[in-house]
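Trainee: sequence unknown, structure follows:
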């Protein structure tokens, strides 16, 4: 290997992890393996979260808002100095691609575990990155990445490129500051939204305008460099399946990859490493057009990626360990010819979000979290039973990673995990992930960037199945709880009536549908009437986490968590179902205000777009909300005049909060 530079190796005894959640735990794990002390930092909202206990020590650094904790350079540096940390690992997101922070660490005598600041700076601007790639012969998507960021100039460049086109924030990733624009009448609003979201997420509102590759695949290559001029790639990851511009499923190898294509794309990725004199972990993202078999450079992520476990599983390498060694000055201990893929790896991201409501993030408490034991399974999680999903951060709950010798085997194992994983207490995308794994197009590798848009409506409109069993489980759990609380007439049979043939009745809501359940207990078994069906139930066995029961001769297990009137039920066959008990003497519901617009989720008010007395028409934006690092605009549903506005910019609101009234 090339080791021409005579560098003095640096000794690391302790590393502060300037991040949170699963990536903080991930870095702590490698630190322990290497005999290095790990130091976590946490905000108010993260006090007591699992990652703080996975580190050797943890330090409180401020309020819940990222700007007052994880993005505050002074607090991070102060914490590192307070405990004498030798280095800082930034994880991903937050300060991981901040060149100023990398320089600040260097100035303070703290090793930054990432590429040198110039590389971060060069790739921190997507426009500068594109120009650099053009200079080094790497193919790029046609577009505009100039300094003139006026609405007039961006609109003019959009007209030159033609529609549809893509607006992208030059300063960041993760889908923030990104908009697809289909026509000229959308461009002004899209530019304003993308600039605002980019400014809020990255502190920079510059945009680039690009040709939109309507039917393509996102394929990225893991790259690595060291301080001795060595440069390699560690194979590809297929990251095409995304929602809201954020990845959901990643796999390696890519279903469309050939040896020839891998060599071409890999060589282009290594060109990028050399152009930047890159000296740590990174990822080169390409868009690949299957029809033309051409690929274009999109961006370089100058950090460890969320989906890095996929590469670790197929190569057998520890990328965090390689990062730490490179930061210490060690040369890479592997050459390109030695990089070999083994088997197949797949990652699915479990999010707290409502897939039926445009993937809006949700908050809440995870009452119970459990993953089945499967050979080849790896779980990187930010939560445990009892953890809260906060408004302030990304809604990812866990990364589920599977390795197997074959793609078919990995898919089968992942589907088993998704069917049997228990995550109860809030809405998640677990059933959505299961739909993907069951889909024949996904299994055959036949998908592009429109995959989710093309499939989601059919998945969300699927007819409910096995709902009877969810209702039976909820009713039995309620019955058992009532039996245990009985203090009087214990000798009397449960649910005794003057007429034995009269059933007890409970009413539930599943989604928007009301369901009645009638049942009676004869001392040995139950008879249940659900709709037109009769079920014989026997031998229910209860524990604190649910029950197992014989339903019509088949014994099944149901995991269950209660939150108020809600019964969250998980079963291998029915998935996760939220069954809400209807009280016999219900409290009067809050009256809906005519013309009122409520927050659909816990959010921060980013911008109020209207004022009292202003006329609006259907489709006009009213208020911009931010939840879990993603913006959403509440739009007028009909024409009217703004009568009252109940929120101010910068404020926080709960789900259901009345934002404004229009008459």
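Mentor: Structure received. What you are looking at is a predicted structure, and each value in this text was computed from that prediction instead of being measured.

Trainee: Find the residue at the geometric middle of the protein.
Mentor: residue 396 (3.8 Å; C-alpha atoms, centre = their mean).

Trainee: now residue 414: how far from residue 525?
Mentor: In this view, residue 414 and residue 525 are 38 Å apart by C-beta to C-beta, to the nearest Å. To be clear about C-beta, it is placed using only N, CA and C from the backbone, and glycine gets the same treatment.

Trainee: Next one, pLDDT for the residue lying closest to residue 125 once chain neighbours are set aside please.
Mentor: Leaving aside its sequence neighbours, residue 125 sits nearest to residue 170 (C-beta to C-beta, 6 or more residues apart in numbering; 4.7 Å). Each residue has a pLDDT score; the one for residue 170 is 83.

Trainee: now swap in residue 393 and tell me
Mentor: So residue 393 comes in at 89 (pLDDT).

Trainee: mind checking how far it is from residue 302?
Mentor: When residue 393 is compared with residue 302 (using C-beta to C-beta), they lie 21 Å apart.

Trainee: contacting residues around residue 70?
Mentor: 18, 19, 20, 41, 43, 61, 76, 94, 95 (C-beta atoms under 8 Å, 6 or more residues apart in numbering).

Trainee: do that again at 7 Å, thanks
Mentor: 18, 19, 20, 43, 94 (C-beta atoms under 7 Å, 6 or more residues apart in numbering).

Trainee: three-state assignment of it?
Mentor: coil (DSSP: H, G, I helix; E, B strand; the rest coil).

Trainee: Please apply the same query to residue 528.
Mentor: strand.

Trainee: returning to that earlier point: reformat the contacts of residue 70 as JSON lines; add pLDDT, secondary structure and distance to residue 651.
Mentor: Compiled in JSON lines, those are given as follows (pLDDT from 0 to 100; DSSP: H, G, I helix; E, B strand; the rest coil; distance: C-beta to C-beta, whole Å):
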{"residue": "18", "pLDDT": "98", "secondary structure": "coil", "distance to residue 651": "28"}
{"residue": "19", "pLDDT": "98", "secondary structure": "coil", "distance to residue 651": "27"}
{"residue": "20", "pLDDT": "97", "secondary structure": "coil", "distance to residue 651": "24"}
{"residue": "43", "pLDDT": "97", "secondary structure": "strand", "distance to residue 651": "19"}
{"residue": "94", "pLDDT": "95", "secondary structure": "coil", "distance to residue 651": "23"}
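
Trainee: Quick one, which of these are buried?
Mentor: 18, 19, 20, 43, 94 (16 or more other C-beta atoms under 10 Å).

Trainee: What does the last one show for phi and psi?
Mentor: The phi and psi values for residue 94, taken as degrees, to the nearest 10, are phi 50, psi -120.

Trainee: neighbour count winner among residue 414 and residue 525?
Mentor: Legend: neighbour count by other C-beta atoms under 10 Å for residue 414 and residue 525, higher for residue 414 (26 against 13).

Trainee: what about that one, is that helix, strand or coil?
Mentor: helix.

Trainee: Would you point out the helix or strand in this structure whose mean pLDDT is lowest?
Mentor: None of the helices or strands of the chain scores lower by mean pLDDT, DSSP states H and E than strand 630-635, at a mean of 82.

Trainee: quick revisit: among the contacts of residue 70, find me the one that's closest to residue 516.
Mentor: Residue 516 lies nearest to residue 20 out of those, by C-beta to C-beta, at 45.3 Å.

Trainee: Not counting its neighbours along the chain, what's nearest residue 398?
Mentor: Using C-beta to C-beta, 6+ apart, the nearest residue to residue 398 is residue 381, at 3.8 Å.

Trainee: Quick check: residue 143 touching residue 207?
Mentor: No. The pair residue 143 / residue 207 is not scored as a contact, 10.3 Å apart, by C-beta atoms under 7 Å.

Trainee: Looking only at neighbour counts, state which of the two leads.
Mentor: For residue 143 versus residue 207, neighbours defined as other C-beta under 10 Å are more numerous around residue 207 (26 against 23).

Trainee: How about the contacts made by the nearest residue to the more buried one once chain neighbours are set aside?
Mentor: Distances taken as C-beta to C-beta, 6+ apart put residue 167 closest to residue 207, at 5.3 Å, once the chain neighbours are dropped. Residue 167 makes contacts with 178, 179, 181, 190, 191, 194, 207, 209, as judged by C-beta under 7 Å, 6+ apart.

Trainee: next one: residue 633
Mentor: So, once contact is read as C-beta under 7 Å, 6+ apart, residue 633 ends up touching 193, 621, 624.

Trainee: what's the answer for residue 595, then?
Mentor: 640, 661, 662, 663.

Trainee: Confirm that the second one sits in a strand.
Mentor: Yes. Using three-state DSSP, the assignment for residue 661 is a strand.

Trainee: burial measure for it, as a count.
Mentor: 18.

Trainee: hmm, back to that, ok, and the most crowded of the contacts of residue 633?
Mentor: Going by other C-beta under 10 Å, residue 624 tops these with 22 neighbours.

Trainee: Surely the residue nearest to residue 125 and residue 129 touch.
Mentor: No. Taking C-beta under 7 Å as the definition, residue 170 is not a contact partner of residue 129, at 8.4 Å.

Trainee: picking up where we left off before, residue 393 and residue 302 - which one has more neighbours?
Mentor: residue 302 (28 against 21).

Trainee: Need the phi and psi values for that one.
Mentor: Dihedral angles (degrees, to the nearest 10) for residue 302: phi -90, psi 60.

Trainee: residues contacting it?
Mentor: 97, 114, 115, 119, 120, 123, 282.

Trainee: can you list the weak-confidence ranges in the stretch 151-300 of the chain?
Mentor: For the stretch 151-300 of the chain, the stretches with pLDDT under 70 are 172-174.

Trainee: Alright, calling it a day.
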